[in-house]
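> With the sequence up front, the predicted model follows.
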Amino acid sequence: MSRRLLVTGGAGFIGANFVHHWCRVYPNDRVVVLDALTYAGNLPNLKLVQEYENFGFVQGDICDGYAGQGQRTLVDKILGAENIDTIAHFAAESHVDRSILAPGAFVQTNVVGTFTLLESFRQHWETKAQPENYLFLHVSTDEVYGSLSPDDPAFSETTAYSPNSPYSASKAGSDHLVRAYYHTYKLPTIITNCSNNYGAFQFPEKLIPLMCINILMGKPLPVYGDGKNVRDWLYVNDHCQALDVVIHQGKPGENYNIGGNNEVENISLVKTLCQIMDELAPDLPVSPAEKLITFVKDRPGHDRRYAINANKLKTELGWSPSVTITEGLRLTVQWYLENSDWWKPLLSEEYQAYYRQNYSQ
């Protein structure tokens, strides 16, 4: 059965990679991207799929015509005009540092935006003769679970929520809304909680592209605190393949954790990136690149460790990551080396001002 997908946030990092995956693997499916094209939404991310016959793009805000006001929303119009049966919901404010500086946008997009989508999709779904063929996929984060100590077991789908930043709290709120719509209205929803993603098209504020770009520019590599915060890293292409499996085989009402099985301390990750850069880009402004590592004041409420237990996804749906952290980092570094025309325009004055505010001592 062919699908008709609405991908919110499809011009962002993970969303764009998902759109590339879906258009390549399922060329007969209709894919419509809805993206507000804020600072992290970048239309060039979709350049390679814009010529696909079954691809469509709408610039707009998922909060447009907030459902609680009883207005007809932009999402309502898209769902009806395109006869959408599947929403893949990526649209979110997603950077912890920005949520500390300006939390209001995170509540608006992540909570109110998700509510607006759910209401629109529920009203659309209730009119259909075969409602079992519909799905609302909500892409969330492992950060809703809070922080782990070194000896704690990894997050599972039954781990209690304990968010510690405005970003993770807003994502936790959106997760709860999605769960409530399944249990209250029987709306077919699935929630996925992923670990830290990396790969092509990631905005430069995030750790791995920030380090890659700063190395190429000979700028300091800011590492928070002692650098021993641990994250589980998931290559974005593996994440997209996992979401594909969840859409086709997942059970409505369920949560699935998606992890890369790659727990790494931040400082170790940065040093590995430096080594790969030294190898692949021998004409760096500063060599070896490790000379650029600079420890900066830790951010408020910085979670010490994240780790994902993705056994449920493996045992029930047969998915496991295919790319090791070393392989994925080499692919990512190579991409940033080959695509300076993509990332250089993103280093705007607004970005530079944010960078100075966030990493000043």
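Thanks, I have the structure now.
> pLDDT weak spots in the stretch 251-361 of the chain?
When residues are selected by pLDDT under 70, those of the stretch 251-361 of the chain lie in 354-355, 359-361.
> all strands of it, in order?
Counting by DSSP state E, counting those that start in this stretch, the stretch 251-361 of the chain forms strands over residues 255-258, 263-265, 293-296, given from the N-terminal end onward.
> In JSON lines: the ones you listed, plus distance to residue 125.
C-beta coordinates here come from the backbone N, C-alpha and C atoms, glycine included. Formatted as JSON lines, the strands of the stretch 251-361 of the chain follow (distance: least, CB to CB, whole Å):
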{"stretch": "strand 255-258", "distance to residue 125": "20"}
{"stretch": "strand 263-265", "distance to residue 125": "39"}
{"stretch": "strand 293-296", "distance to residue 125": "47"}
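> Break down the stretch 101-250 of the chain into its strands, ranges please.
According to DSSP E, counting those that start in this stretch, the strands that the stretch 101-250 of the chain contains are 135-141, 189-194, 196-198, 221-224, 230-235.
> So which of the ones you listed is nearest residue 268?
Go through those one by one with CB to CB and the one that ends up closest to residue 268 is strand 230-235, at 9.2 Å.
> Please name every helix or strand in contact with the closest one.
Other helices and strands packing on strand 230-235, by 3 or more CB pairs under 8 Å, 6 or more residues apart in numbering; DSSP states H and E, are strand 196-198, strand 263-265, helix 266-280, helix 325-338.
> which of those sits most buried?
Using mean count of other CB atoms under 10 Å, the stretch among those with the greatest mean number of neighbours is strand 196-198 (a mean of 23).
> which secondary structure elements does that strand contact?
Using 3+ CB pairs under 8 Å, 6+ apart as the contact definition, the elements that strand 196-198 packs against are helix 207-217, strand 230-235, helix 236-249, helix 325-338.
> Which one of the ones you listed lies nearest to residue 52?
With CB to CB as the measure, helix 236-249 is the member of these nearest residue 52 (16.2 Å).
> Can you mark which positions in the closest one are buried?
Within helix 236-249, the residues that qualify as buried are 236, 237, 238, 239, 240, 241, 242, 243, 244, 245, 246, 247, counting by 16 or more other CB atoms under 10 Å.
> ok so, going back, identify whichever of the helices and strands packed on strand 230-235 lies nearest to residue 212.
In this view, the helices and strands packed on strand 230-235 are compared for proximity to residue 212 by CB to CB, and helix 325-338 is the closest at 4.4 Å.
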